[in-house]
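build me a model:
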Amino acid sequence: MTSEKDQEETGILLVDKPAGWTSHDVVDFVRKKFDVRKVGHGGTLDPNATGLLVLMLGRATKLSSYLSSQDKLYTGTMKLGQDTTTHDPQGEVVAEFHTEGVTTEDIQRVVDQFTGEIEQVPPMTSAKKQKGKPLYKLAHKGKEVQREPRPVTVYRMELKSVNMPFVSFEIECSKGTYIRTLCADIGAELGCGGHLYELRRLRSGKFSIEDAYDVESMNSWERNDLLQAKMQISEMPIYTS
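The predicted structure is shown next:
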């Protein structure tokens with residue numbers, strides 16, 4: 001039976017996740033600060049990534065599978081010449097290479113090879129579950145397990161600037177695409193190694209970062225501010241366009 005509180009809370013809240021926060025940190029912040037009983041999110045962002053996190057409040061958590069399955073748009077930077085254990089700056093540098101001789105044309109050629117439907121092996125530091133356990137929890141225990149590659153789609157990956165060893169890009173991709181794995185694979189194909197340096201999510205489905213609230217502003221909110229800021233289900237882009 002749906003309570004009056006559930007009805008009051010139900011909706012979608014778009015948050016601009018700051019660097020250093022996990023997606024769960026944002027969920028926990030909203031749940032505790034605003035006394036919301038049910039809070040979920042529509043797609044994990046790594047702690048060092050920033051940008052759009054779609055939060056589902058109250059009965060809107062039933063839309064979790066649908067919202068998590070939406071295509072994503074990101075802007076990011078990869079750093080060539082270094083491999084790390086986690087394919088991002090949080091990991092230990094395990095190999096370094098020279099990048100002299102790697103041209104923009106070389107990078108574009110390899111990027112083109114990774115456009116379209118490709119297969120990726122989920123990283124051990126991901127939240128993907130294997131036999132009910134998130135891979136990152138196994139990785140924290142020093143364990144590594146066999147992971148099956150799975151298909152994902154890169155609809156578009158556009159180079160924005162090349163200032164070696166940094167390569168900035170914009171990418172539109174399907175759900176479940178690991179951008180850090182993609183950067184590591186591109187670096188491997190170029191023969192100079194590489195990892196994801198920074199990442200920002202701009203869009204998830206029809207939701208845009210332009211409509212998101214930052215956590216710093218939300219710190220000054222009261223519960224009524226949250227209730228006014230959340231998007232009613234009937235107002236969601238998936239229903240209104």
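
use CA for all of it now, contacts and neighbours both
Fine.

quick one, longest strand in this structure?
strand 150-163 (DSSP state E).

may I have that strand exported as PDB, CA atoms only?
Presented in PDB, the C-alpha positions along strand 150-163 are these (Å, rounded to 0.1, in the frame of the first residue of the first chain):
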ATOM      1  CA  ARG A 150      30.100  -8.300 -23.400                       C
ATOM      2  CA  PRO A 151      28.800  -6.300 -26.300                       C
ATOM      3  CA  VAL A 152      28.400  -2.500 -26.000                       C
ATOM      4  CA  THR A 153      27.900   0.200 -28.700                       C
ATOM      5  CA  VAL A 154      29.900   3.300 -29.200                       C
ATOM      6  CA  TYR A 155      27.700   5.400 -31.400                       C
ATOM      7  CA  ARG A 156      30.100   8.300 -31.800                       C
ATOM      8  CA  MET A 157      33.500   9.200 -30.400                       C
ATOM      9  CA  GLU A 158      34.700  12.600 -31.500                       C
ATOM     10  CA  LEU A 159      38.200  14.000 -30.800                       C
ATOM     11  CA  LYS A 160      38.000  17.500 -29.400                       C
ATOM     12  CA  SER A 161      41.700  18.200 -28.900                       C
ATOM     13  CA  VAL A 162      45.100  16.500 -28.900                       C
ATOM     14  CA  ASN A 163      47.700  18.000 -26.600                       C
END
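
let's verify the residue minimising distance to the centre of the chain: helix, strand, or coil?
Centroid-nearest residue in the chain: L45, 3.4 Å away (criterion: C-alpha atoms, centre = their mean). Assigned by DSSP: H, G, I helix; E, B strand; the rest coil, the conformation of L45 is coil.

next, count neighbours for T115.
17 (other C-alpha atoms under 10 Å).

check contacts around it.
Contacts for T115 (C-alpha atoms under 8 Å, 6 or more residues apart in numbering) come out as T153, V154, Y155, R156, M157.

R180 too?
H87, D88, H195, L196.

what of F166?
T77, M78, K79, L80.

right, and out of those residues, which lies closest to G205?
T77 (21.9 Å; C-alpha to C-alpha).

in the sheet, who's paired with that closest one?
Counting by DSSP bridges, T77 is bridged to S168, E198.

in this structure it contacts I171, no?
No - contact criterion C-alpha atoms under 8 Å: T77 and I171 do not qualify, at 10.6 Å.

the two: which is more packed in?
T77 (23 against 19).

which residues touch the more buried one?
Counting by C-alpha under 8 Å, 6+ apart, T77 has contacts F166, V167, S168, F169, L196, Y197, E198, L199.

nearest to P122, of those residues?
Using C-alpha to C-alpha, the contacts of T77 come closest to P122 at L196, 14.7 Å.

all helices for the protein, in order.
4-9, 23-33, 64-68, 104-113, 135-140, 179-190, 215-218, 223-229, 237-240 (DSSP state H).

and P149, which of these is closest to it?
helix 179-190 (11.6 Å).

with distance to Q120 and mean pLDDT added, can I get the helices of the chain in TSV?
Formatted as TSV, these follow (distance: least, C-alpha to C-alpha, whole Å; pLDDT from 0 to 100):
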stretch	distance to Q120	mean pLDDT
helix 4-9	38	77
helix 23-33	22	96
helix 64-68	18	89
helix 104-113	13	98
helix 135-140	15	52
helix 179-190	7	96
helix 215-218	32	96
helix 223-229	37	95
helix 237-240	29	50
